[in-house]
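Participant: This is a predicted model, with the sequence first.
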Amino acid sequence: MSQTLDTLNTRFALPHTLVFSESVPGWPVAEITTPLASARVALHGAHVLSWQPAGQQPVIWVSQAAFFEPGKPVRGGVPVCWPWFGAVPGKTLHGFVRTMLWQLRSAEQDAGGQVVLRLGLTDDATTRAVWDHAFDLELVVTVGLTLTLALTTRNTGDAPLSITQALHTYLCTADITQTTVQGLDGTPYLDKVQAFAVCQQSGDVTFSGETDRIYTDTTADSLIQDGASRRSIRISKQGSASTVVWNPWVEKEKTMADMAPGEHRQFLCVETCNAGPDAVTIAPAMTHTLAATISVV
Ligand code: BG6
């Protein structure tokens, strides 16, 4: 049963802190405002759309041309890619949960003033038709001076589950050509731009063309240095063995109906993943948690 705007506001709103709105009918969004930060989280896809810690410029990027519609992914924010990352023949890219309506399970403010949303999704006839497994999926979003997303997969079936997954974070940057990612020096990666050639990172990641890489077997933090605005963003992670770095650059951007011209200059994706060879297997009744914490440092 989907939750109506009235139900959400009656059950979960927090005075002066959390309210639910629906500027697109049937597409509810949790709007969070606290002294620590502001953020917006759509129930479709359990999709974080924005996060701006106090005293900082926005950290999470969304395209001017993004679609906000049931059944369509949003270009920007933090799409949840699950139970597969990337392409699977005959299936939608990046799994199916980023376009599904999740249930809000709880909304609270903790002792430190952070707002904690718990969103969930379980298998049903729709999910069984595309992926015939029993599961419970829960995303806990903690909004404060840092932003934490923790995605827990519970195997509620009686056979092992194998998944790949991503917290596909789009980050604002003032100028991609002056942006670097530290933390991946020496790490092997699969280069999608070169037909998945196996390469090795040398030094910081820099951007001068289409970049689409799965860094494997890495649990390291990523430090994004936004040279033009002199800002650094750290992503630390848990339960993640891969990091994806993506920017479509000029030509690929033109093929995307949900990106405006030139927007590739304003963002990069640094994604907390278990992708490619880093698939995760979860035994019956067991759980796995993939988590990312984003901070401006
Ligand atoms: C990245 C992939 O994670 O997501 C890219 O590595 C892909 O290959 C990009 O193009 C965006 O995917 P989508 O489905 O949101 O357009």
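Facilitator: Arrived safely, thanks for sending.
Participant: Around the ligand, which positions in the chain sit nearby?
Facilitator: Contacts of the chain with the ligand, taken as Cβ under 6 Å from any ligand atom, map to 73, 93-94, 168, 192, 212, 244, 246, 271. C-beta: built from backbone N, CA, C; applies to glycine.
Participant: can I get the residues you listed in TSV with secondary structure and neighbour count?
Facilitator: Listed next are the residues of the chain next to the ligand as TSV, based on DSSP: H, G, I helix; E, B strand; the rest coil; neighbours: other Cβ atoms under 10 Å:
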residue	secondary structure	neighbour count
P73	coil	21
L93	coil	12
H94	coil	22
H168	coil	23
K192	helix	18
D212	strand	20
V244	strand	25
W246	strand	19
E271	strand	27
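Participant: Residues touching stretch 39-46, excluding its own?
Facilitator: The contact list for stretch 39-46 (Cβ atoms under 8 Å, 6 or more residues apart in numbering) reads 3, 8, 27-32, 47-52, 68, 70, 73-74, 77, 79-80, 97-104, 115, 117, 119, 121, 139, 141, 143, 147.
Participant: sorry, back to before: max pairwise distance over the residues of the chain next to the ligand: which two?
Facilitator: Farthest-apart pair in the residues of the chain next to the ligand is P73 and K192; separation 18.3 Å (Cβ to Cβ).
Participant: in this structure, which segments are predicted with low confidence?
Facilitator: 1 (pLDDT under 70).
Participant: Can you list the residue ranges for helices in this structure?
Facilitator: For the chain, the helices defined by DSSP state H cover 5-12, 125-130, 249-254.
Participant: mind listing what's buried in the longest one?
Facilitator: Which is helix 5-12. 8, 12 (16 or more other Cβ atoms under 10 Å).
Participant: So which other helices or strands are in contact with it?
Facilitator: strand 18-21, strand 103-109 (3 or more Cβ pairs under 8 Å, 6 or more residues apart in numbering; DSSP states H and E).
Participant: could you dump that helix to CSV, C-alpha only?
Facilitator: As requested, the backbone C-alpha atoms of helix 5-12 are provided in CSV (Å, rounded to 0.1, in the frame of the first residue of the first chain):
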residue,chain,number,x,y,z
LEU,A,5,0.9,12.7,1.5
ASP,A,6,-1.6,13.0,4.3
THR,A,7,-0.5,9.7,5.9
LEU,A,8,3.1,10.7,5.7
ASN,A,9,2.5,14.1,7.3
THR,A,10,0.3,12.7,10.0
ARG,A,11,2.5,9.8,11.0
PHE,A,12,6.0,11.1,10.4
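Participant: Just want the residue of the stretch 151-297 of the chain that's nearest the ligand.
Facilitator: Using Cβ to the nearest ligand atom, the single residue of the stretch 151-297 of the chain nearest to the ligand is W246, 4.2 Å away.
Participant: was I right about that residue contacting H264?
Facilitator: No - judged on Cβ atoms under 8 Å, W246 makes no contact with H264 at a distance of 10.2 Å.
Participant: How about the stretch 51-200 of the chain: which residue is closest to the ligand?
Facilitator: Counting by Cβ to the nearest ligand atom, the stretch 51-200 of the chain gets nearest the ligand through L93, at 4.0 Å.
Participant: For that residue, which non-adjacent residue is closest in space?
Facilitator: Of all residues not flanking L93 in the chain, A87 sits nearest, at 5.6 Å (Cβ to Cβ, 6 or more residues apart in numbering).
Participant: and if you look at S232?
Facilitator: Using Cβ to Cβ, 6+ apart, the nearest residue to S232 is V297, at 4.9 Å.
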